[in-house]
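Trainee: Give me a 3D structure for the following:
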Amino acid sequence: MDPQAFIRLSIGTLGLRAKSSTHTLTPPCVCEIRLRGFPIQKMQIPIVPSSETNPDSHSIASSFYLQESDLKSLLTPKCFYASTASLEIAIFSDRKSTHCGVGVKRQQIGTFKLDVSPEWCEGKSTVLFEGWSGISNNRGKTGIGADFHLRVKLEPDPRYVFRFEDETKLSPQIVQLQGSTKQPIFSCKFSGDRGSEGDPLISTFRSNSSNGSHTDAERRERKGWKVKIHDLSGSAIAAAFITTPFVPSTGCDWVAKSNPGAWLIVHPDPYRPHSWQPWGKLEAWRQRSGTAREDSIFFRFHLLSDGNKELLMSEVSINAEKGGEFLIDSDHLAEGGEAPVGPAEEVGFVMSFRMRGGGKCIEQVVQLAVKHVTCVEDAAIFMALAAAVDLSVEACRPFRRRVRKGNRHCW
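Mentor: You can find the predicted model right below:
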């Protein structure tokens, strides 16, 4: 498998300190990290108490991932932008105050800028900036009483890129993308048969909540779905299947957070032929808003380690109608999340999956970090996870049901 070139621009080791004892910085202080063409990233900055102390050297506050096309765009002058694009970090005092009963806008402490240069395109690991910098405010004044510490690092982060050639329910082929060429590498086999009792994949990991007869209640649940990933020889090398049915919560017509549906992601057991070994668990539910177009699908993914210990790796949401991106990245872990190995600086990006929503069809593309894929089977397990994420959007569609007045809320 041939990877595509990406680079990771990481910003970390953040800290803010007063220039002298005559100046004070009152927490919380926050920053907005801006790079043209990318969403603004916001976070808090720790206050460093003295000039003899430096921030945590291993902390990563933010990362941007750039392709060759992104770099070309940043280095190309634009009509309505400055001739040179830059990484810009605006620092604010986020303490809210009032004056004569009127809210006062937050105060900007200063701005740090680092111009984009051709050096960014060399594909080498390099530290672009590290240390303390005096910062200035919007008017270009210096000496406002604050120093800003950061490290900006550029490093190659190659990725394998795959694409589902059709909707997951249609059992599509999966191809690897390399530039303008595509190479078939996997096939995806979906089954939504409820009567799968004879399938060893289902019977081995059967959920207690999915047994019973074909009653009216059972027909109001989505279960029995499974998807297998086959290599080019036709052997199944990864799979995902529903273990906890997607059912409407009491008083609702949708799958709520209080009772999410769940998938188990598995791979063949190397020591037991025709057996499967758990690898991860994916939960999904729908959060309602004012209109269906504003609903969100929430995902929570745990990696199952030895002894079935669950490590929270990702907790993200997408727009139910427009779609979005499922992401596993130690730089963007949810609260309580844990990196699989080592500090965030070593783990970084693992996987992204750009998927469709209920009313929008887009190319379903999976990107995997090369450093986390050692063989074709590793890539296949992520394809099974991506398929489960995509099918969860369908499984979380509202059920057709009349809800009694006065009982319209689920938690």
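Trainee: can we go C-alpha only for contacts and neighbour counts from here?
Mentor: Fine.
Trainee: Report the contact partners of residue 383.
Mentor: The contact partners of residue 383, by Cα atoms under 8 Å, 6 or more residues apart in numbering, come to 229, 366.
Trainee: Distance of it relative to residue 323?
Mentor: 18 Å (Cα to Cα, to the nearest Å).
Trainee: Just give the number of residues close to residue 172.
Mentor: 17 (other Cα atoms under 10 Å).
Trainee: Oh, that last question was meant for residue 118, not what I typed.
Mentor: Neighbour tally, residue 118, other Cα under 10 Å: 10.
Trainee: Which residue is the nearest non-sequential neighbour of it?
Mentor: Among residues not flanking residue 118 along the chain, residue 75 sits closest, at 7.5 Å (Cα to Cα, 6 or more residues apart in numbering).
Trainee: That neighbour and residue 91: what is the separation?
Mentor: Note on residue 75: its distance to residue 91, by Cα to Cα, is 25 Å.
Trainee: Compare those two (neighbour count), which wins?
Mentor: Neighbours per residue (other Cα under 10 Å) separate residue 75 from residue 91, with residue 91 holding more: 26 against 18.
Trainee: Just checking: what are the partner strands of the helix or strand harbouring that one?
Mentor: Per DSSP states H and E: residue 91 is located in strand 86-93. With DSSP bridges as the test, strand 86-93 is paired with strand 29-34 (antiparallel), strand 107-115 (antiparallel).
Trainee: who touches it?
Mentor: Against strand 86-93 from outside (Cα under 8 Å, 6+ apart): 26-36, 106-116.
Trainee: Could I have the buried ones of those as ChimeraX selection syntax?
Mentor: Filtering the contacts of strand 86-93 down to the buried ones (16 or more other Cα atoms under 10 Å) takes a single ChimeraX command:
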select :29,30,31,33,34,35,108,109,110,111,112,116
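Trainee: Tell me where the stretch 201-350 of the chain has strands.
Mentor: Under the criterion DSSP state E, counting those that start in this stretch, the stretch 201-350 of the chain contains strands at 226-230, 236-244, 261-268, 276-287, 296-304, 310-319, 324-329, 349-355.
Trainee: Can you give me the distance of the nearest residue to residue 111 once chain neighbours are set aside to residue 221?
Mentor: Once flanking residues are discounted, residue 111 sits nearest to residue 90: 4.4 Å by Cα to Cα, 6+ apart. Note on residue 90: its distance to residue 221, by Cα to Cα, is 49 Å.
Trainee: Comparing those two, which residue is more hemmed in?
Mentor: residue 90 (20 against 17).
Trainee: How far off centre is the helix ranked longest in the chain?
Mentor: The single longest helix within the chain, with elements called by DSSP state H, is helix 376-395. For helix 376-395, the distance from its own C-alpha centre to the chain's C-alpha centre is 14 Å (Cα atoms, centre = their mean, to the nearest Å).
Trainee: Next, the angle strand 226-230 makes with that helix.
Mentor: 150 degrees (axes from the mean of the first three to the mean of the last three Cα atoms, to 10 degrees).
Trainee: Tell me where the stretch 101-250 of the chain is predicted with low confidence.
Mentor: For the stretch 101-250 of the chain, the stretches flagged by pLDDT under 70 are 101-105, 136-144, 193-219.
Trainee: quick one: the helices in it?
Mentor: 200-204, 216-219 (DSSP state H, counting those that start in this stretch).
Trainee: Nearest to the spatial middle of this protein, which residue is it?
Mentor: Nearest to the geometric centre of the chain sits residue 327, at 2.0 Å (Cα atoms, centre = their mean).
Trainee: Could you find the closest non-adjacent residue to that one?
Mentor: Nearest residue to residue 327 in three dimensions, chain neighbours excluded: residue 352, at 4.5 Å (Cα to Cα, 6+ apart).
Trainee: Could you check the pLDDT of the one you found?
Mentor: pLDDT, residue 352: 95.
Trainee: circling back: ok, now how distant is the residue nearest to residue 118 from residue 37?
Mentor: With Cα to Cα as the criterion, residue 75 and residue 37 are 12 Å apart.
Trainee: quick revisit: can you check which of the strands paired with strand 86-93 gets nearest to residue 59?
Mentor: Counting by Cα to Cα, residue 59 lies closest to strand 29-34 out of those; the figure is 15.5 Å.
Trainee: follow-up on the earlier one: check contacts around the residue nearest to residue 118.
Mentor: Contacts were defined as Cα under 8 Å, 6+ apart; by that measure residue 75 touches 84, 85, 116, 117, 118.
Trainee: give me phi/psi at residue 69?
Mentor: Residue 69 adopts backbone torsions of phi -70, psi -30, taken as degrees, to the nearest 10.
Trainee: burial of it, as a residue count?
Mentor: Quick note: residue 69 (other Cα under 10 Å) scores 9 neighbours.
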